[in-house]
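Enquirer: output the structure for:
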Amino acid sequence: MYLIHAHLKGPAGAVLADQTAELIHAWALSQEQVEHVTAHPGAAPHPVVGVYVLADSLHQAEERVAAVCHRALRQEPSLSTWTLVRAEAPLLAPLVHGPLGPPENPSMGSDLRRK
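Expert: Down below sits the predicted model:
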């Protein structure tokens, strides 16, 4: 299973509707194997829709999500003014890392975090 972020761009000042995740999920075909969709309307610089999809490869997952989003944006009247900027896997740090790398640990002998 892959998590693919679909970055959407709307008209100036537009806010992604609360039901966007459900609407996009509804337009997925069964063979596209979309498992779950969630929306992040406050993401910057564009709202993001997170799509969990089963696929044999990352490339296939990204293509499936792009196809679902394009279909929803074309067919769903409430999404017709929105466009898909990109659909790609987000870069995530390992769970043990903070946003800037491993957390500081005084027992570690590294000088990398010292000023």
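Enquirer: strands along the protein, start to end?
Expert: According to DSSP state E, the chain carries its strands in the segments 2-9, 34-40, 48-53, 83-88.
Enquirer: now the angle from the second one to strand 48-53?
Expert: Put plainly, it is strand 34-40. Strand 34-40 runs at 170 degrees relative to strand 48-53, counting by axes from the mean of the first three to the mean of the last three CA atoms, to 10 degrees.
Enquirer: report the rounded mean pLDDT for strand 34-40.
Expert: Taken as a whole, strand 34-40 has a mean pLDDT of 96.
Enquirer: note down every partner strand of that strand and its orientation.
Expert: Strand 34-40 sits in its sheet next to strand 48-53 (antiparallel), going by DSSP bridges.
Enquirer: run the chain-centre distance for the strand it pairs with.
Expert: 4 Å (CA atoms, centre = their mean, to the nearest Å).
Enquirer: give me the angle between it and strand 83-88.
Expert: Going by the same axes, to 10 degrees, strand 48-53 makes 50 degrees with strand 83-88.
Enquirer: can you count the residues close to Glu63?
Expert: Using other CB atoms under 10 Å, Glu63 has 16 neighbouring residues. (Each C-beta comes from the backbone N, C-alpha and C, glycine too.)
Enquirer: which ones are touching it?
Expert: Contacts for Glu63 were tallied using CB atoms under 8 Å, 6 or more residues apart in numbering; there are none.
Enquirer: give me the distance between it and Val15.
Expert: Distance of Glu63 to Val15, computed by CB to CB, to the nearest Å: 28 Å.
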